[in-house]
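In: let's see this in three dimensions:
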Amino acid sequence: MSAAEAATAERAAAESADAAVERLRASLRNHEHLLVAYSGGVDSALLAYTAHRELGARALAVTAVSPGLAAAERRAARDFAAEHGIAHLEVCTDEGERPDYVANGGDRCFHCKSALFDALAPLRALLPGAAVAVGTNLDDLGDHRPGQRAAAQRGAVTPLADAGLDKAAVRRASRGLRLGTAEKPAAPCLASRVAYGDPVTPEILQRIEAAEQAVRAHGFPVARVRAHAGGTVARIEVPHAQVERAAELRGELEPAVLACGFTFCAVDLGGFSGGRLNALLPVVDAGGAAAGGAR
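Out: The predicted structure follows:
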């Protein structure tokens with residue numbers, strides 16, 4: 001692509017994103033009250049920010065707090081809301097007390113999101129005409145996202161996707177608004193690091209969080225520690241370009257991760273990519289949950 005063609009494509013993408021944001025703003029103004037399920041990630045941050053701009057005090061960002069939420073993510077969500085004057089509330093969710101969530105099958109996210117919507121129900125009842133909005137974007141629609149089924153069953157709205165915003169457009173719009181979340185890496189809940197079929201417990205989530213902090217402290221801002229084999233094996237994922245460096249640092253990374261309660265530590269030569277554990281879904285779906293956890 002020539003420089004002129006690239007510039008034309010860039011202008012077209014910018015115009016498309018601008019139009020989508022205008023559709024988003026218009027749709028938000030239709031709500032009498034809006035509860036935004038807000039994790040502090042790039043999607044829900046843009047949604048909470050725009051809802052605040054359009055609805056003022058009639059918009060409330062709500063963060064679900066449980067062992068699955070990393071402490072750093074909780075602080076970041078608080079800070080973003082405070083920076084922009086967004087009305088923000090934290091609610092405790094009880095997914096960890098739900099057997100189907102703890103069992104960690106392929107529908108774990110459905111049970112997690114159900115716990116969120118149950119926690120939001122009393123708030124929704126207090127606000128006339130209140131709707132619940134989630135930060136689903138167009139790219140999410142083609143992924144394995146059982147939580148979307150829970151959202152649909154509870155009547156949640158998806159303003160970003162409905163306005164035509166995909167992840168790239170969300171980041172572009174966030175940059176235009178100078179939001180600090182514009183380039184924030186994805187940060188799904190800690191339960192997403194536990195191999196399907198292995199139980200999700202506060203203890204393993206705490207160990208994963210500690211191990212990821214240790215890895216990041218060695219200069220890997222984007223990193224995952226996936227727990228396998230009942231929480232005995234820690235598989236480190238870093239961007240592919242940094243795999244060689246991670247291997248060179250094995251003398252430092254391994255003891256740091258093992259100190260978090262793991263028996264074995266491995267660096268994944270395939271590098272980081274989101275949703276890697278979804279490769280285990282066929283095993284779980286075939287009834288081989290125990291085998292999946294042992295991989």
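
In: need the nearest residue in space to the spatially most central residue of the chain, chain neighbours excluded.
Out: Nearest to the geometric centre of the chain sits residue 188, at 3.0 Å (C-alpha atoms, centre = their mean). Nearest residue to residue 188 in three dimensions, chain neighbours excluded: residue 274, at 7.5 Å (C-beta to C-beta, 6 or more residues apart in numbering). To be clear about C-beta, it is placed using only N, CA and C from the backbone, and glycine gets the same treatment.

In: quick check: that neighbour vs residue 126, distance?
Out: 36 Å (C-beta to C-beta, to the nearest Å).

In: helices or strands next to the helix of greatest length in the chain in the packing?
Out: If you go by DSSP state H, the chain has its longest helix at helix 3-28. Using 3 or more C-beta pairs under 8 Å, 6 or more residues apart in numbering; DSSP states H and E, the elements in contact with helix 3-28 are helix 42-55, helix 159-162, helix 167-176.

In: ranking those by burial, who's on top?
Out: Neighbour counts (mean count of other C-beta atoms under 10 Å) averaged over each of the helices and strands packed on helix 3-28 peak at helix 42-55, with a mean of 24.

In: mind giving me the packing neighbours of that helix?
Out: helix 3-28, strand 33-37, strand 59-65, helix 71-84, helix 159-162, helix 167-176.

In: shaky segments in the chain?
Out: 144, 287-295 (pLDDT under 70).

In: how's it carved up into domains?
Out: 7-177, 190-274 (the TED database).

In: start to end distance for the first one?
Out: With C-alpha to C-alpha, to the nearest Å as the measure, the first residue of domain 7-177 is 21 Å from its last.

In: rewinding a little: distance check, the residue nearest to the centre of the chain against residue 63.
Out: 15 Å.

In: same question, residue 259
Out: Taken as C-beta to C-beta, the span from residue 259 to residue 63 is 30 Å.

In: between these two, tell me which one has more neighbours.
Out: Neighbour count, other C-beta atoms under 10 Å: between residue 259 and residue 63, residue 63 has more, with 23 against 12.

In: picking up where we left off before, show me which of residue 274 and residue 126 is the more surrounded one.
Out: Taking neighbours as other C-beta under 10 Å, residue 274 and residue 126 compare with residue 274 leading, 13 against 8.

In: and that one, which of the three is it?
Out: coil (DSSP: H, G, I helix; E, B strand; the rest coil).

In: that one contacts residue 186, doesn't it?
Out: Yes: between residue 274 and residue 186 there is a contact at 5.9 Å, judged by C-beta atoms under 8 Å.

In: what sits closest to residue 24 if chain neighbours are left out?
Out: residue 163 (3.9 Å).

In: residue 90: how many residues sit nearby?
Out: By the criterion of other C-beta under 10 Å, residue 90 has 16 neighbours.
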